[in-house]
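Colleague: Predicted model and sequence below, questions to follow.
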Amino acid sequence: MTYFAKFACSLILVLCSLARANADNYQPSPLNVVTSFSILADLAKELGGDNVKITNLVGANSDGHLYQPRPSDVVAVSAADLLIFNGLNFEGWMSRLIQSSGFDGAAIEASAGVRKMYHGDEVDPHAWQSLQNIKIYANNINKALIEALPNRKADLENRYQAFIEQVDALIARSQRSFADIPIQNRIVITNHDAFGYLGRDLKVAFIAPVGISTDEEPSAADLAALIQQIKTKNVKALFLENISNKRLLQQISAEAGVSVGGTLYSDALSEREGPASTYLKMMNYNLRTLSGALK
């Protein structure tokens, strides 16, 4: 074999080795995921890990009911590989945003398949407040991520199973912590009717002066009836919500003679340094706060 032939063979071997090394080290670009509000952003990050890049629309301590999309949201949605939203009429602005952005990628309604609750004729959108429901949310998101990233299926499945194990552990702890609280004592007042699904899970009656959307206003007659109900049922627990105006519940507290016991997180996570910066932290915080007050 001539010198040049030997050189060519050696060069081919080197190039093949480099190609194999590059293939072994190749990392696909993260999936560009847009989420409608902070709770879904956390779920997508928890389930997707480094496989996803999250752009979230409604941030921490912000009200998704009253949100008005910005021009930057149109740009973000138009560039998304996957759009994740709650559904159940929570994001009344979502269809307009999709239309104006021209988005034609994959989109999932994270709540699809939950056992719905209703407030009058309206579906209650706050299904994430149920730990049983959040397993359905996680399954929907996991399936969408695997469909988009089939080569990352093993990692995505491992992350999904780890999350479900944490949810199941929290369900077990919540059942133990509420087991010795008499049913007649499980009455809680909150700003708006956001905790129906949690109440169904734990057999807690959540009463609110405002319905399922924070853009509603209670009448004077509604407030008078609620205050009378608080006095009649000897309600001990009144809680503010992180996204709602505090003045209404403070007025009820003063007129009913019952103190406010703290803050619950309903439609949004806290800031990173707060007690509810992830979904699991939020639910753990809410459950500990509620059980402590009711006991």
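Modeller: Noted; the coordinates are in hand.
Colleague: Using PDB, write out the CA atom coordinates for stretch 128-146.
Modeller: Extracted in PDB, the C-alpha atoms of stretch 128-146 (Å, rounded to 0.1, in the frame of the first residue of the first chain):
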ATOM      1  CA  TRP A 128     -55.200  21.500  39.400                       C
ATOM      2  CA  GLN A 129     -56.200  22.000  43.000                       C
ATOM      3  CA  SER A 130     -56.900  18.200  43.200                       C
ATOM      4  CA  LEU A 131     -53.800  16.000  43.600                       C
ATOM      5  CA  GLN A 132     -55.800  13.200  41.900                       C
ATOM      6  CA  ASN A 133     -56.400  15.500  38.900                       C
ATOM      7  CA  ILE A 134     -52.800  16.600  38.700                       C
ATOM      8  CA  LYS A 135     -51.800  13.100  37.900                       C
ATOM      9  CA  ILE A 136     -54.100  13.400  34.800                       C
ATOM     10  CA  TYR A 137     -52.400  16.700  33.900                       C
ATOM     11  CA  ALA A 138     -49.000  15.100  34.200                       C
ATOM     12  CA  ASN A 139     -50.000  12.200  32.000                       C
ATOM     13  CA  ASN A 140     -51.300  14.500  29.300                       C
ATOM     14  CA  ILE A 141     -48.100  16.600  29.400                       C
ATOM     15  CA  ASN A 142     -45.900  13.500  29.500                       C
ATOM     16  CA  LYS A 143     -47.600  12.000  26.400                       C
ATOM     17  CA  ALA A 144     -47.200  15.300  24.500                       C
ATOM     18  CA  LEU A 145     -43.500  15.500  25.400                       C
ATOM     19  CA  ILE A 146     -42.800  12.000  24.300                       C
END
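Colleague: avg pLDDT for it?
Modeller: Mean pLDDT, stretch 128-146: 98.
Colleague: and what of stretch 149-160?
Modeller: Stretch 149-160 carries an average pLDDT of 98.
Colleague: So what touches it?
Modeller: When contacts are defined by C-beta atoms under 8 Å, 6 or more residues apart in numbering, stretch 149-160 is touched by residues Pro28, Leu31, Glu46, Leu47, Gly48, Gly49, Asn51, Ala138, Asn139, Asn142, Leu145, Ile146. Yep, even glycine has a C-beta here, placed from its N, CA and C like the rest.
Colleague: Give me the phi and psi for the nearest residue to Tyr118 once chain neighbours are set aside.
Modeller: For Tyr118, ignoring the flanking residues on the chain, the nearest one in space by C-beta to C-beta, 6 or more residues apart in numbering is Asp124 at 6.3 Å. Per-residue torsions, Asp124: phi -80, psi 120 (degrees, to the nearest 10).
Colleague: Is it correct that Asp124 is in contact with Arg115?
Modeller: No. Counting by C-beta atoms under 8 Å, Asp124 does not reach Arg115; the two are 10.9 Å apart.
Colleague: more crowded one of the two?
Modeller: Taking other C-beta atoms under 10 Å, Asp124 and Arg115 do not tie; Asp124 has more neighbours (22 against 11).
Colleague: quick one: the more buried one from Arg272, how far?
Modeller: Per C-beta to C-beta, to the nearest Å, Asp124 is found 29 Å from Arg272.
Colleague: Please apply the same query to Met283.
Modeller: 17 Å.
Colleague: Might you report the residue contacts of Thr35?
Modeller: Thr35 touches Ala41, Leu43, Ala44, Ile54, Thr55, Asn56, Leu57, Leu83, Ile84, Phe85, counting by C-beta under 8 Å, 6+ apart.
Colleague: Check Lys143 too.
Modeller: Taking C-beta under 8 Å, 6+ apart, we find Lys143 in contact with no residue.
Colleague: ok, back up a step: which of Met283 and Arg272 has more neighbours?
Modeller: Neighbours were counted for Met283 and for Arg272 using other C-beta under 10 Å; Met283 has more, 23 against 8.
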